[in-house]
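**Q** Just need the structure, nothing else, for what follows:
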Amino acid sequence: MKKITTTLAMATLFATGVNAESLEKRVSALEEKNNTLTEEVLASQTEGFTLVDTEKTYNGLGPAASKVYFSKNPLSIGGYGEMYYANPKGSDDYADVYRFVTYFGYKFSENVILNAEVEFEHGGTAQDGGEVAIEFMYLDFLWRDEANFRLGNFLVPMGLINLRHEPILFNTVQRPEVENKLIPSTWHENGALVYGRFGNTGIEYTAGVINALNMNNSGTRQPNSNWIRDGRQGSKAKASFDPAFVGRVDYAGVNGLLVGVSVYYGGGSNLKDPLPTDPVQNVSGLTATMFDIHAAYESGAFKAYGLYTQSSLDGAEKLGNSAVEKASGYYVNAAYDIGMVAGLGYKTPVFVQYEDFNPAASTVDGSNEDKYKTKTTTIGLNFFPVDQVVLKADYAMKEVDSKDEDIFSFGLGFVF
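**A** Reported below is the predicted structural model:
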């Protein structure tokens, strides 16, 4: 097609007696125009293969992660990225290319779908603290609205942010700490799920078996704020497998409202082949329980979301007198889009967020229970030049064990 168009153009130009220099310029212009038209036709045939619809989500995932489910093309490529600048009060400022993520999806058929996420953190350079990891890689077997099946490594269906962690979906520069430390986002595990929805009732569910968290770690024995986060097995090479149950139910039958609950239950000691000489050995009788109650509401220029979560470790005394046995906390975020009200033509939500949590709310001997008690009020502004790109600024007034830790942050994020 391209060769025919160019040949006809050349013949026409020769017939009119144009000189060689002018002919070359016109042919070059026609070839450029032909390339542009070809690309536009291909984009039209694939229904915008390179674009993501920010209004479309599947099974609670973010819009970029959901892209493969709505694509007419078998191959789907998407992703997101975020970086930020931070200036803590009384300390040095710093910047971080925090994440660049690519999604690869492939439809083997309308009923068998591959979805995968590869993440590059902090520049991906190991010697500087960077990381390259598979955040999920699973196969979906779509059967019917009421029941579909997922096998592989996938996002654990807990909380709000863990499933929808793309940067255009939350207001703060950083994800809420409650969903970083108490629900350890991003939390992904090997396992199997069944999920679906019941007609027009607005009820969706997910249930299944995943690899259990390993709470038998140093952060649990001598409490630190990351004891739950450090228990993730993720996509570790040949990680030991100890089945745990996870379930979730959401109701979205009222326009703009989502309410739901998630639960997790499993063994608390999931070590990979410890040697007899290792200081930490598997411990029987440890049981971890986690639940959250979450909600989100949107109406016009107003939007709010938040959750309460609690985790407990039964048998924690077997790990030592100082071991953590409970964590709890909540956060709420409310935003108002001044851009919509003022008719600016750009989304410009201002927001306030409040967090109150304690990763070590209870320990076996009652020590260090206030060390990580945290309360944070964050105020900020987002600006969306387009729906897929956001610029963020916020100021967090943080109090940890009655000590102030204020910080100003600026960030950018995008999905594609």
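**Q** so which helix or strand takes in the nearest residue to Arg197 once chain neighbours are set aside?
**A** Residue nearest to Arg197 in three dimensions, not counting chain neighbours: Glu204, with 4.3 Å by Cβ to Cβ, 6 or more residues apart in numbering. For glycine as for every other residue, the C-beta is placed from the backbone atoms N, C-alpha and C. According to DSSP states H and E, Glu204 maps onto strand 203-211.
**Q** Could you check that strand and say which residues are buried?
**A** Residues 204-206, 208-211 are the ones in strand 203-211 that count as buried (16 or more other Cβ atoms under 10 Å).
**Q** Could you dump those into a markdown table with pLDDT and distance to Ala133 added?
**A** Formatted as a markdown table, these follow (pLDDT from 0 to 100; distance: Cβ to Cβ, whole Å):
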| residue | pLDDT | distance to Ala133 |
| --- | --- | --- |
| Glu204 | 97 | 28 |
| Tyr205 | 98 | 28 |
| Thr206 | 98 | 23 |
| Gly208 | 98 | 22 |
| Val209 | 98 | 22 |
| Ile210 | 98 | 17 |
| Asn211 | 96 | 15 |
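**Q** Could you dump these into a markdown table with distance to Asn59 added?
**A** Formatted as a markdown table, the buried residues of strand 203-211 follow (distance: Cβ to Cβ, whole Å):
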| residue | distance to Asn59 |
| --- | --- |
| Glu204 | 8 |
| Tyr205 | 10 |
| Thr206 | 7 |
| Gly208 | 12 |
| Val209 | 17 |
| Ile210 | 16 |
| Asn211 | 20 |
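**Q** domains for the protein, by residue range?
**A** Residue ranges for the domains of the chain, per automatic domain parsing: 1-45, 46-415.
**Q** Would you pull up how far the last one lies from the middle of the chain?
**A** When you say that, I think you mean domain 46-415. Here the centre of domain 46-415 is set off from its chain's centre by 6 Å, with Cα atoms, centre = their mean, to the nearest Å.
**Q** Am I right that Asn282 falls within a helix?
**A** No - going by DSSP: H, G, I helix; E, B strand; the rest coil, the assignment for Asn282 is coil, not a helix.
**Q** residue boundaries of the helices in the chain?
**A** In the chain, the segments counted as helices under DSSP state H are 2-15, 20-45, 67-70, 218-221, 338-342.
**Q** so what does the last one touch, helix or strand wise?
**A** Using 3 or more Cβ pairs under 8 Å, 6 or more residues apart in numbering; DSSP states H and E as the contact test, the elements touching helix 338-342 are strand 349-363.
**Q** switch the cut-off to 6 Å
**A** Using 3 or more Cβ pairs under 6 Å, 6 or more residues apart in numbering; DSSP states H and E as the contact definition, helix 338-342 packs against no other helix or strand.
**Q** For the spatially closest residue to Pro63 that is not a sequence neighbour, give me the pLDDT.
**A** Distances taken as Cβ to Cβ, 6+ apart put Thr54 closest to Pro63, at 4.8 Å, once the chain neighbours are dropped. On pLDDT, Thr54 comes in at 91.
**Q** Surely Thr54 and Gly62 touch.
**A** No - with contacts counted by Cβ atoms under 6 Å, Thr54 stays clear of Gly62, the gap being 9.1 Å.
**Q** partners of the closest residue to Pro167 other than its chain neighbours in the sheet?
**A** Nearest residue to Pro167, sequence neighbours excluded (Cβ to Cβ, 6+ apart): Gly413, at 2.7 Å. Per DSSP bridges, the residues bridged to Gly413 are Glu82, Val390.
**Q** quick one: low-confidence ranges for this structure?
**A** For the chain, residues meeting the criterion pLDDT under 70 lie at 1-50, 124-128, 275, 277.
**Q** residue closest to the middle of it?
**A** The chain has His165 as the residue nearest its centroid, 2.4 Å off, counting by Cα atoms, centre = their mean.
**Q** if I pick that residue, what's in contact with it?
**A** Counting by Cβ atoms under 6 Å, 6 or more residues apart in numbering, His165 touches 185-186.
**Q** Quick check: the gap between Gly62 and Leu319.
**A** Noted for Gly62: a distance of 36 Å to Leu319, by Cβ to Cβ, to the nearest Å.
**Q** What is the burial count for the nearest residue to Lys238 once chain neighbours are set aside?
**A** Nearest non-adjacent residue to Lys238, counting by Cβ to Cβ, 6+ apart: Lys272, 7.3 Å away. The burial count assigned to Lys272 is 13, neighbours taken as other Cβ atoms under 10 Å.
**Q** Near the residue lying closest to Asp140 once chain neighbours are set aside, how many other residues are there?
**A** Nearest non-adjacent residue to Asp140, counting by Cβ to Cβ, 6+ apart: Ile113, 4.5 Å away. By other Cβ under 10 Å, 23 other residues sit near Ile113.
**Q** State the distance from Ile113 to Gly105.
**A** Where Gly105 is concerned, Ile113 sits at a distance of 7 Å (Cβ to Cβ).
**Q** again, but for Lys347
**A** Here the distance between Lys347 and Gly105 works out to 27 Å (Cβ to Cβ).
**Q** between the two, who's got more neighbours?
**A** Each of Lys347 and Gly105 has its neighbours counted (other Cβ under 10 Å); Gly105 has more, 22 against 19.
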